[in-house]
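# could you work out the structure for the sequence below:
(one chain, ligands or ions: 1)
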Amino acid sequence: MNPFEQHVFVCTGGKVCPVEGGSAAVHARLKELVAQAGLESAIRINHAGCMSQCGHGPMVVVYPEGVWYCAVRVEDAGAIFNEHLLGGKAVERLLYHPLQPGSNKT
Ligand code: FES
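Numbering: from 1, shown residues only. Okay, the predicted model is just below:
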């Protein structure tokens with residue numbers, strides 16, 4: 001058994017994501033939606049440091065699915081929460097398609 005069913009990491013600790021798209025607001029909104037739904041014991045929203053994808057962010061990663069989202073804005077948090085975390089279906093329009101394995105900084 002894992003402590004949480006889903007674990008969401010938002011890049012708020014890097015130097016680029018917080019500036020290019022307001023990742024702190026994305027983190028706060030996801031946390032708020034989880035709390036409003038009373039799902040804090042099932043879904044954990046965490047701050048994360050740089051994911052080496054700077055320039056494509058704000059980056060959000062959901063585990064255990066291993067789904068990566070890019071260019072996430074605060075107005076996208078509802079779709080990630082409703083469609084993915086609750087509905088079990090990744091939000092296609094936000095999916096990240098890296099150019100190569102590993103680092104993809106621009
Ligand atoms: S600062 Fe977010 S991926 Fe680097």
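# what sits against Met49?
I think there's a mix-up here, since residue 49 is Gly and not Met. Gly49 makes contact with Cys11, Gly13, Gly14 under the criterion Cβ atoms under 8 Å, 6 or more residues apart in numbering. Any C-beta I mention is one placed from the backbone N, CA and C, and that applies to glycine too.
# again, 10 Å this time
The contact partners of Gly49, by Cβ atoms under 10 Å, 6 or more residues apart in numbering, come to Phe9, Cys11, Thr12, Gly13, Gly14, Lys15, Cys17.
# max pairwise distance over those residues: which two?
Largest separation among these by Cβ to Cβ: Phe9 and Lys15, giving 16.6 Å.
# hey, where'd the strands end up in the protein?
6-11, 43-48, 60-63, 67-69 (DSSP state E).
# buried residues, the third one. List them.
Read it as strand 60-63. Residues of strand 60-63 classed as buried: Val60, Val61, Val62 (neighbour count, 16 or more other Cβ atoms under 10 Å).
# now stretch 93-101
Leu94, Tyr96.
# what number of residues lie near whichever residue of the chain sits closest to the ligand?
Closest approach between the chain and the ligand, counting by Cβ to the nearest ligand atom: Gly14, at 2.1 Å. For Gly14, the count of nearby residues is 21 (other Cβ atoms under 10 Å).
# picking up where we left off before, filter the contacts of Gly49 down to the buried ones, ChimeraX style.
In ChimeraX syntax, the buried subset of the contacts of Gly49 is picked out as below (16+ other Cβ under 10 Å):
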select :9,11,12,14,17
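# now tabulate the contacts of Gly49 in TSV and tack on pLDDT and distance to Asp76.
As requested, those are exported to TSV (pLDDT from 0 to 100; distance: Cβ to Cβ, whole Å):
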residue	pLDDT	distance to Asp76
Phe9	98	15
Cys11	98	14
Thr12	97	15
Gly13	95	20
Gly14	92	18
Lys15	93	21
Cys17	92	13
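# can you tell me which of the contacts of Gly49 is nearest Leu39?
Nearest to Leu39 among the contacts of Gly49, counting by Cβ to Cβ, is Phe9 at 16.7 Å.
# this completes my enquiry, with thanks.
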